[in-house]
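Trainee: Kindly generate the corresponding structure for this input.
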Amino acid sequence: IRPCISCQNCIASLFAIGSIQCSVNPNTAQEFSYELNRATNPKKVIVVGAGVAGMECARTAKLRGHDVEIYEAGPVMGGHLNEAGSHPFKTGIARLNLWYQNELKRLNVPVHLNCPVDANFLKNSGADTVILAVGSYHFVPKFVEGWDHKKAVVCYDVLMDKRSVGDRVVVVGGGLTGSELAYDLARYQGKQVTIVEALDDILSSGPAVPQPVVMMLRDLLAYYKVDIKTGHKIVGVNDEGAVIEGKDGVRMTLPADDVVFCIGLKPNESMREELMYSGIEVFEVGDGKAVGNIRTAVSEAFEIARKL
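Mentor: Numbers count the residues shown, from 1 in each chain. This next block holds a predicted model:
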């Protein structure tokens, strides 16, 4: 019995008719409503972006018989699966990335890497449908004094081994990305790590994190002596390290060799408005539409592609 795809939270039940129904919507027979059928009117589909949402859209659309191509601005496929799967303890995500790439290869879906496209290209491509899966990016907020200091680094560069860090590291942001990076640095690299989180608790912002993951990650951070300063925001980066400010307005400097920003993602710029009234069917999916997680990206992508 596999879980309901639509809500992801159902307790699947096997009924007399042999179908699986959702506990949230018992009238929905998931085995039938989510079956992939061949498209009666095959379309030429261009997917912009080869992250997990783009790859799932392309895979599902191809399985339904559409003519599909992917255009990716960067040199690799996978999007944020690459940095998420870079941790020694998250090899499953790296394998998921490889699975998608192998599936697209098996299905003979052309993937054009290092090929950024614009609205004019898409308008002249002959595509019936364009799916914008343009993704998101990590950032360092420019309102932080010293945001461009040599000690300030975005988490992507650390996760992808584009930048090494010193022995004392301040991780700004206690969401899932920041907490996992802090654990990685402390456990596998022996760094002295401090998490700075503006909210009252870590792992409390962004898409919901499964409770078992939250419990284990908290225990691991404590075991490897990661210092956690909640209720503090970053206000500066200087030669000494990170300048933080508590809710009472009191500032302090945390000595650090590097300050790694893991404060979230911003959607990349979309071409949706430029493609309006062009006669092309346009969809947006994944982080480019609204920053989410792997589950939300795959679910939305599957839903769009199965209805083309």
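
Trainee: hey, where'd the strands end up in the stretch 1-150 of the chain?
Mentor: Along the stretch 1-150 of the chain, counting by DSSP state E, counting those that start in this stretch, strands occupy 13-14, 20-21, 44-48, 67-71, 111-112, 129-132, 136-138.

Trainee: Compare those strands and report which one is nearest to residue 77.
Mentor: With C-beta to C-beta, the closest approach to residue 77 among the strands of the stretch 1-150 of the chain belongs to strand 111-112: 6.4 Å. Any C-beta I mention is one placed from the backbone N, CA and C, and that applies to glycine too.

Trainee: just checking, what packs against that closest one?
Mentor: Under the contact criterion of 3 or more C-beta pairs under 8 Å, 6 or more residues apart in numbering; DSSP states H and E, strand 111-112 touches strand 67-71.

Trainee: Tell me which residues are up against the strand it packs on.
Mentor: 42-50, 54-55, 58, 61-62, 104, 109-112, 115-117 (C-beta atoms under 8 Å, 6 or more residues apart in numbering).

Trainee: Just the buried subset of those residues, please.
Mentor: 43, 45-50, 54-55, 58, 61-62, 104, 109, 111, 117 (16 or more other C-beta atoms under 10 Å).

Trainee: Which one of the residues you listed is nearest to residue 83?
Mentor: residue 50 (14.7 Å).

Trainee: where along the chain do the helices fall?
Mentor: With helices called from DSSP state H, the chain shows them at 30-33, 52-63, 81-84, 91-106, 119-123, 155-159, 176-189, 211-223, 272-275, 294-306.

Trainee: Tell me which of these sits most buried.
Mentor: Among the helices of the chain, ranked by average contacts under mean count of other C-beta atoms under 10 Å, first place goes to helix 52-63 (a mean of 27).

Trainee: So, low pLDDT: which residues of this protein?
Mentor: 1-33 (pLDDT under 70).

Trainee: quick one on the thing from earlier: switch the strands of the stretch 1-150 of the chain over to JSON lines; also include distance to residue 267.
Mentor: Output for the strands of the stretch 1-150 of the chain, formatted as JSON lines (distance: least, C-beta to C-beta, whole Å):
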{"stretch": "strand 13-14", "distance to residue 267": "37"}
{"stretch": "strand 20-21", "distance to residue 267": "34"}
{"stretch": "strand 44-48", "distance to residue 267": "13"}
{"stretch": "strand 67-71", "distance to residue 267": "18"}
{"stretch": "strand 111-112", "distance to residue 267": "22"}
{"stretch": "strand 129-132", "distance to residue 267": "10"}
{"stretch": "strand 136-138", "distance to residue 267": "5"}
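
Trainee: Residue 285: which of these is closest?
Mentor: strand 129-132 (6.1 Å).

Trainee: So which elements touch that closest one?
Mentor: Using 3+ C-beta pairs under 8 Å, 6+ apart, strand 129-132 sits against strand 44-48, helix 52-63, strand 281-284.

Trainee: helices or strands up against the second one?
Mentor: What that stands for is helix 52-63. Using 3+ C-beta pairs under 8 Å, 6+ apart: helix 52-63 touches strand 44-48, strand 67-71, helix 91-106, strand 129-132, helix 294-306.

Trainee: Tabulate the ones you listed (TSV), appending distance to residue 259.
Mentor: Below are these laid out as TSV (distance: least, C-beta to C-beta, whole Å):
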stretch	distance to residue 259
strand 44-48	34
strand 67-71	35
helix 91-106	26
strand 129-132	33
helix 294-306	27
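
Trainee: For residue 154, find the nearest of those.
Mentor: Of the helices and strands packed on helix 52-63, nearest to residue 154 by C-beta to C-beta is helix 91-106, at 19.5 Å.

Trainee: what residues does that closest one touch?
Mentor: Counting by C-beta under 8 Å, 6+ apart, 52, 55-56, 58-59, 62, 70, 77-78, 81-82, 84-86, 111, 294 sit against helix 91-106.

Trainee: and the angle from it to helix 52-63?
Mentor: Relative orientation of helix 91-106 versus helix 52-63 (axes from the mean of the first three to the mean of the last three C-alpha atoms, to 10 degrees): 40 degrees.

Trainee: what angle separates helix 91-106 from helix 294-306?
Mentor: Going by the same axes, to 10 degrees, helix 91-106 makes 20 degrees with helix 294-306.

Trainee: Identify whichever of the helices and strands packed on strand 129-132 lies nearest to residue 234.
Mentor: Closest among the helices and strands packed on strand 129-132, using C-beta to C-beta: helix 52-63, at 29.3 Å.

Trainee: tell me the angle that closest one makes with strand 67-71.
Mentor: Here helix 52-63 runs at an angle of 160 degrees relative to strand 67-71 (the same axes, to 10 degrees).

Trainee: Wait, residue 64 touches residue 302, no?
Mentor: No: contact between residue 64 and residue 302 fails when scored by C-beta atoms under 8 Å: they sit 11.0 Å apart.
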